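>>> predicted structure and sequence below. I'll ask about it afterward.
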Number of protein chains: 2
Amino acid sequence: MLAKKYAAVAGQSSVIREIFEYGKQRAKVVGPENVFDFSIGNPSVPAPEQVNETAIRLLNEEDPCKVHGYPSAVGYDDTREAIAENLNRRYGMHYHKNNIFMTIGAASAISLCFRVLADANVEDEIMVCAPYFPEYKCFIEGAGVKVTEIAADIADFQIDFEELESKLNEHTRAIIINSPNNPTGVVYSEETLKRLASILEEASNRYKRPIYIISDEPYREIVFGGKTVPYVPHFYKNTLVCYSYSKSLSLPGERVGYIAFTDEIADADNMLGTIGAVAREMGYVGVPSLFQMVVRDCVNELSDISVYETNKNIIYKALTEMGYQCVEPGGTFYIFPRCLEEDAQSFCNRAQKYDLLLVPSDSFSCKGHFRMSYCVPTERVERALPLFEKLIQEYRK
Amino acid sequence: MLAKKYAAVAGQSSVIREIFEYGKQRAKVVGPENVFDFSIGNPSVPAPEQVNETAIRLLNEEDPCKVHGYPSAVGYDDTREAIAENLNRRYGMHYHKNNIFMTIGAASAISLCFRVLADANVEDEIMVCAPYFPEYKCFIEGAGVKVTEIAADIADFQIDFEELESKLNEHTRAIIINSPNNPTGVVYSEETLKRLASILEEASNRYKRPIYIISDEPYREIVFGGKTVPYVPHFYKNTLVCYSYSKSLSLPGERVGYIAFTDEIADADNMLGTIGAVAREMGYVGVPSLFQMVVRDCVNELSDISVYETNKNIIYKALTEMGYQCVEPGGTFYIFPRCLEEDAQSFCNRAQKYDLLLVPSDSFSCKGHFRMSYCVPTERVERALPLFEKLIQEYRK
């Protein structure tokens, strides 16, 4: 006799979690070194040394009532100022503290944005571009809002703009984008962002209300070839940037992130307060205090994320040479090759026989691909390659 | 053009927060030592030394990828086992890890419970006993559920059972209780809990579905006179206990709490999974990792909370001697005396002229009282007493 909405899905975890749990069990049988678990996106590089040094200094030197005390709902002023300065320096922005709302990781940031921008149980819609992180759907539908999917452009995993334009309508409130992208690893080009901005501006004028971009970018710093990921607010002013220190500081468990917006955004006067109203209702009292201070003091640090590029280079070269079809990732620690048969689940089951744990693409609303997370030691990647070779040979028989 | 539901209340913070912010501004004018801010419930005693020692040990000795890694959605197994053992020892319970769901403080615990037990946008109701923490209403209504208020029994701030029985109906899904209570400081007696249990059992039978108790108990350990707060599951099996380490370990900013339930609860098989389904939808990915481990290792520690009892004794004695009417608190760091006029806001405004910052009772859905939080240094309490004397003299003129 629990709430029908939730009891119906009780105990359902994501497919990714299920594979991850299988991997842990399998490791007990064959040894952890023989399970090639490419399922989960858990950073494999430690936080920068400054992170733990800072945490220890704060614990040793500061008043514990302050270090562990309630932060205000929007976050500490000095943490928000430090983040604003960091973004201003890197991207030539003019953020100030009241452009930043601290959140319990990126998941809470995007959950809040969906509720801020769309009303429940009316006809409001939020667009997502396939393939996409499956929790988006869970969060949007949880907010009582309709999910409108833009089918994947599997040639390059940029955006299929014809499809997007055909689905834009007067109920569209926002589109969530994620670049560098989970699961494809692709970085949206400047051309993609320009065209997206132009289409959304035109549609906003047509429907006489702003259509927002929610830019979910926890992988912003994990970008390959010495490039920089284009900063979305440079292209479109009605952007809410959602960020997490999960990857750049390797702190996924500490749950520190933010939402950022400029003074030029539509509804600027009301934005911080409306985000706060949603956070209050959802019981998000505030962001963990010690690690908010750590982020303040370590905002310019970066984990040594070079292993991800090393792994990407090895995997992309080897898989394409073997005959797998993949779009080359520009960042993240994911790659999203085509399966060797239409049914991704069936393909991943066959891979599993070699203890290669891959995630079928269906969870990401895209058929016929698999996601491989290479946030693992390079040695593990190298030992997995012969198994990928055996797998493709099996299909050639 | 933001979501109507939230834009309408954008920037509204709780009355308590507003008074607290006023106090900070006022301190700049008259000096912080001259502002008697009894508005906010922020623990004033430091965490036990073991807390910071444990955090530093974990930071120094453990693999940072583990310490700062994603915990599973329900929480770490060993943290949940440690909490289960602690409760089993203290209350003779038989909890195991799967009776415990870790939450981001008590606010998220109770937010989750409301959604687990009641469906949105039907006629489901959750009962609250006035006076009550104002966020309850915000969380329940946010979940799309109706709030049914039981008016305060101002004689002793136990429960007005006639009122409760008159409001129980086939739509009642749960009642939230909070003992030791914010704002009154009162501890529910065994008699209160027995009678509550008996009424709810009868109503559950009558309506052929369980009516749950949500027991919100972050103040469980702050109890005076060497007593123990009766453990609600001893009286009523369909109880969800919501807890936070905010007060017992003085860690309000670190956001670690839990929901606990026994194997005997109705819907036991589905409970953990349904809580998880709600948490997933709300973007509650997991509980901060380092402090989950700290709680595991410090679960048997307790902050030195004796100052709260010292303060209570001084305040209760002084105020009653002056002529204020108050129910003596059995715990917490709150007292809830009657105002000296009917209009609590007007009374608190007059108190504010003496730089006595008190919270009018209207926020707690109860008229004619004020809440005083005495989680402040005893010296501050003592210096405030002459101001309370001046205030009562003003009313006697």
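The structure has been received and is ready for your questions.
>>> pull up the pairing partners for the strand or helix carrying A:Thr148, direction included.
Under DSSP states H and E, the secondary-structure element containing A:Thr148 is strand A:146-150. Using DSSP bridges, the strands paired with strand A:146-150 are strand A:125-129 (parallel).
>>> just how off-centre is stretch A:219-231 within its chain?
Relative to the chain's own centre, stretch A:219-231 is displaced by 14 Å; criterion: CA atoms, centre = their mean, to the nearest Å.
>>> list the buried ones in that stretch?
Neighbour counts using 16 or more other CB atoms under 10 Å in any protein chain shown place A:219-224, A:229-231 of stretch A:219-231 among the buried residues. Bear in mind the C-beta positions are built from the backbone N, C-alpha and C, glycine included.
>>> do stretch A:258-270 as well
Across stretch A:258-270, burial judged by 16+ other CB under 10 Å covers A:258-262, A:265-267, A:270.
>>> list the ones among the residues you listed that fall in helices.
A:Asn270 (DSSP state H).
>>> can you tell me which of the buried residues of stretch A:258-270 are up against chain B?
Among the buried residues of stretch A:258-270, the ones lying near chain B by CB under 8 Å from any CB of the partner chain are A:266-267, A:270.
>>> tell me who's in contact with the residue lying closest to A:Gln292 once chain neighbours are set aside.
Among residues not flanking A:Gln292 along the chain, A:Thr79 sits closest, at 4.9 Å (CB to CB, 6 or more residues apart in numbering or on different chains). In this structure, A:Thr79 makes contact with A:102, A:292-293, A:295-296, judged by CB atoms under 8 Å, 6 or more residues apart in numbering or on different chains.
>>> grab the nearest non-local neighbour of A:Phe347.
A:Cys339 (3.8 Å).
>>> all helices of the stretch 151-300 of chain A, in order?
A:161-167, A:190-207, A:245-248, A:268-281, A:289-298 (DSSP state H, counting those that start in this stretch).
>>> hang on, the earlier thing: which ones among the buried residues of stretch A:258-270 map onto strands?
A:258-260 (DSSP state E).
>>> Throw these into TSV and include pLDDT, thanks.
TSV is the format used below for these (pLDDT from 0 to 100):
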residue	pLDDT
A:Tyr258	98
A:Ile259	98
A:Ala260	98
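>>> what is the nearest of these to chain B?
A:Ile259 (12.2 Å; CB to the nearest CB).
>>> from B:Met293, how far off is the closest one?
Separation of A:Ile259 from B:Met293 (CB to CB, to the nearest Å) stands at 28 Å.
>>> now the helices of the stretch 151-300 of chain A in TSV, with mean pLDDT?
As requested, those are arranged in TSV below (pLDDT from 0 to 100):
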stretch	mean pLDDT
helix A:161-167	97
helix A:190-207	98
helix A:245-248	94
helix A:268-281	94
helix A:289-298	98
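>>> out of the ones you listed, indicate the one that is most buried.
Mean neighbours per residue, mean count of other CB atoms under 10 Å in any protein chain shown, is largest over the helices of the stretch 151-300 of chain A for helix A:245-248, with a mean of 26.
>>> ok, back up a step: which of the buried residues of stretch A:258-270 sit farthest apart?
A:Tyr258 and A:Ala266 (19.7 Å; CB to CB).
>>> pairing partners for A:Leu356 in the sheet, please.
Beta-bridge partners for A:Leu356, by DSSP bridges, are A:Phe36.
>>> what distance do you get for it to A:Phe370?
Noted for A:Leu356: a distance of 9 Å to A:Phe370, by CB to CB.
>>> just A:Met102 next, same as before
Going from A:Met102 to A:Phe370 by CB to CB gives 35 Å.
>>> please name the residues that touch the residue nearest to A:Phe347.
By CB under 8 Å, 6+ apart, the contact list for A:Cys339 reads A:347-348, A:360-361, A:368-370.
>>> what's the closest of the residues you listed to chain B?
Nearest to chain B among the contacts of A:Cys339: A:Pro360, at 19.8 Å, using CB to the nearest CB.
>>> give me the neighbour count for A:Val187.
A:Val187 has 25 neighbours, counted by other CB atoms under 10 Å in any protein chain shown.
>>> that one against A:Asn181, yeah?
Yes: with contact defined as CB atoms under 8 Å, A:Val187 counts as touching A:Asn181 (7.4 Å).
>>> quick one: name the residues of the stretch 101-250 of chain A near chain B.
Counting by CB under 8 Å from any CB, the residues of the stretch 101-250 of chain A close to chain B are A:104-105, A:107-108, A:110-112, A:115-121, A:135, A:138-139, A:141-142, A:209-210, A:250.
>>> would you mark the buried spots in stretch A:101-121?
Neighbour counts using 16+ other CB under 10 Å place A:101-120 of stretch A:101-121 among the buried residues.
>>> ugh, wrong one, stretch A:165-176
Within stretch A:165-176, judged by 16+ other CB under 10 Å, the buried ones are A:167-168, A:172-176.
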